[in-house]
Structures are given as structure tokens and as C-alpha cells.
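> Sequence plus the predicted model coming up.
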Amino acid sequence: MEGLAEEAMTRGSNTVQVDGLTIQVHGGATPQELAHIQQALQQMPPGARQYAADIYLNENLGQILSAEGRPIGGVGGMAGDPGMRMVLDRKELRSLGSSRRLIYHEAGHNADIAIGATNKAPWGRTGTSVSKYGKTNAKEDYAEVHRVVLQDWKRYQSMTPSQWARESEALKKMEIAQRYGAKIPDQAEVEAAANRFNRVWRRGREMRDSWNPG
Ligand SMILES: [Zn+2]
């Protein structure tokens, strides 16, 4: 992280403004890269922007070797830094969609460091996540759930108990959504909705199972 950040600084620094917050972007960013970063931050919940306020751009992060000399394939970014910095592979900034995906994941690592989220359940204990990569470990689980919630932030801000009852990894998503100010229903209401949903689903299945073609 240190070497990458220093290297980016030699190529020049810019700032972008998001609702009065100044975001530092190091690495000689193009106007398009700055625009994608600005829009991605604009679409984040305001409380999450502090975790993406110091950005360093590099080329070919995927070529970087680990401390043991092992190539780290397909790495799009790095974060989880006490200084709340993040390093992004600029290939991922070519479109707004991939910029959002990467920034929301890396901001999740910084948020995790800041609040110590993954020191406790449910992170990484269940062996499930919102993506294959999220199953790697508790930290990637947190970063991936963070990404998914932020990518669909409008919807996660005000979901009903029955919508939450149908949601995968609901407890994890609720923890993140609530942290950024979403209205979260009572756990009991969600459980009641889940029971109703399961009853209806089971009845439907029993009816199918009892069908006898004769
Ligand atoms: Zn990650």
C-alpha cells in the first residue's frame, strides 16, 4: 500500500467535491476517471463517503506480487488501511458501473477497519455470502455485502418486513444499511413475515408433491 500510494502521488493529485466533502484523488486522474469517482461517491450514503475520501490510482494492480512473491491475480483494488486510503486499478474506472462496484467494495474494507465490524458474528461465521468471492473470509464477506447494499442503496433504505424476509444474507445487509441511516424494521416483524412466507411456500410445495398423475 505504502509504495503504491507514493508512486501515485508522483503523478499528480486532484480533488473532487461531493456535497461539501473534498475527495483526494492521486495518480494523475483523467477527467473521465474523476467524473466516475465523483458520481460513485455521490450515489453512496453520505455516511460511507469518509471511507473513500483518499484515493490512489495505479496501473495493473493484478500484476502485483504478494509479500511471499505470489502473483495476486485479478486484484482491482486494495484498502482496509487505518489511514482510510484506497488503491484502485484505473482499468476499473472506465465505466461508472465498474467504478461503483470497486469503490463500494474497497470502502467496505476501510469501514470494517474503522469500526471493527468483522471481529464478531455474523461476519464470516456462516460460510455463506452474497458472492463467491465474499466466501473467502470474513473481511471479503463484509466488503462484498457492503458493495451489494451500496449498489442498491435506494432500495435498501426503506424495505418492508416481508421484503427483508425474502432477502439473502438479510442480517448482514441490515447491519450495514442501518449503520448508514436506513429504516430497518424490528427483527420480530421480519421473523413473522419470514414465517408467513415459509408457510405459503411450504403449502405450495405440498400441493405439488401430492399431485398424482394416476
Ligand atoms: Zn476485498
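Cool, the structure landed. Owing to the predicted nature of the structure, the values given are computational and were not obtained by experimental measurement.

> Quick one: residues contacting the residue of the chain found nearest the ion.
Closest approach between the chain and the ion, counting by C-beta to the ion: Ala143, at 4.4 Å. Every residue, glycine included, has its C-beta placed from N, CA and C. Contacts here follow C-beta atoms under 8 Å, 6 or more residues apart in numbering; on that basis Ala143 touches 105-106, 108-109, 112, 134.

> can you rerun that using 6 Å?
105, 108-109 (C-beta atoms under 6 Å, 6 or more residues apart in numbering).

> Which helix or strand contains it?
Using DSSP states H and E, Ala143 sits in helix 138-151.

> List the buried residues in the helix or strand following that helix.
Next in sequence after helix 138-151, counting helices and strands by DSSP H and E, comes helix 153-156. Judged by neighbour count (16 or more other C-beta atoms under 10 Å), helix 153-156 contains these buried residues: 153, 156.

> roughly how far out does helix 153-156 sit from the chain middle?
How far helix 153-156 lies from its chain's middle: 13 Å, per C-alpha atoms, centre = their mean, to the nearest Å.

> tell me the mean pLDDT over it?
Per-residue pLDDT over helix 153-156 has a mean of 97.

> Send me that helix as PDB with only the CA atoms.
C-alpha atoms of helix 153-156 as PDB (Å, rounded to 0.1, in the frame of the first residue of the first chain):
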ATOM      1  CA  TRP A 153     -28.900   1.900  -1.700                       C
ATOM      2  CA  LYS A 154     -32.200   3.500  -2.800                       C
ATOM      3  CA  ARG A 155     -34.000   0.200  -2.300                       C
ATOM      4  CA  TYR A 156     -32.200  -0.800   0.900                       C
END
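
> hmm, who's touching whichever helix or strand comes after that helix?
Sequence order places helix 161-165 as the next helix or strand after helix 153-156, per DSSP H and E. The contact list for helix 161-165 (C-beta under 6 Å, 6+ apart) reads 170, 185, 189-190, 193-194, 197.

> And the buried ones among the residues you listed, selectable in PyMOL?
Burial among the contacts of helix 161-165 is assessed by 16+ other C-beta under 10 Å; the matching PyMOL selection reads:
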select buried, resi 170+185+190+193+194
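
> Greatest separation within the contacts of helix 161-165: which pair is it?
Pro185 and Phe197 (14.1 Å; C-beta to C-beta).

> Turn the contacts of Ala143 into CSV, including pLDDT.
CSV is the format used below for the contacts of Ala143 (pLDDT from 0 to 100):
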residue, pLDDT
His105, 96
Gly108, 97
His109, 96
